[in-house]
Structures are given as structure tokens and as C-alpha cells.
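S.K.: no FASTA, just this:
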């Protein structure tokens, strides 16, 4: 199995889950030039990030080329318990995707 591009840390305190994610991705805008060739580097960025908990979507983000390389995402939601599974997935503008699951601590 290939290594995931997503690292997740999720903790539950009382009824609130705090989720932190680091995603490895080049996030190219399509406006930057290759220093050696002078040609534009093609756009390659994450378009959508989704978080699921208990079969329901708890967070959905629509991104564009303005997000930095290797983006960090942090959010919170209610209704989670320690030991619950959380799934984070993304899709980029080239059709590539990745997803991973983690347990709440």
C-alpha cells in the first residue's frame, strides 16, 4: 500500500473534535515559470477536501491555485467521541486523489 499524502491528528475534548491535517501536494498555480526553460509550470492544485465522520460529511472545502504548497488545514466539529474514525480525502485539478482514515484520540 502506498504512503498517504495526508497526515491527521484528531482529538476530542468534551463533545468537540479538533482536527489538524497536513497534505503533501505541490499546489502549482499555473502562473509560475520554470527557471531553466522559461516555460510555465502547468497548474496542479487541490480543488476539494472532504472530511467524513460516521458516514456524514462534517467539512467540505473548495480550494484553488492560491493555496500554498503542502497545505495545513485545521477545523473543529461537534458530535465525535474518542475512538471514532475520521476520513479525510482530496481531489486535484488533474483528477488525482488521496484519502486516509485516523482514529480520534
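M.R.: On my side now, so go ahead. From a predicted model like this one, the values you see are computed outputs, not experimental measurements.

S.K.: what helix or strand is residue 49 on?
M.R.: Per DSSP states H and E, residue 49 falls inside strand 46-53.

S.K.: what mean pLDDT does that strand have?
M.R.: On average, the pLDDT along strand 46-53 is 97.

S.K.: buried set for that strand?
M.R.: 46-47, 49, 51-53 (16 or more other CB atoms under 10 Å). Yep, even glycine has a C-beta here, placed from its N, CA and C like the rest.

S.K.: Looking at residue 1 now. What's its pLDDT?
M.R.: Note on residue 1: pLDDT of 47.

S.K.: can you pull the contacts of residue 60?
M.R.: Residue 60 makes contact with 48-51 under the criterion CB atoms under 8 Å, 6 or more residues apart in numbering.

S.K.: how close does it sit to residue 104?
M.R.: Distance, residue 60 to residue 104, using CB to CB, to the nearest Å: 19 Å.
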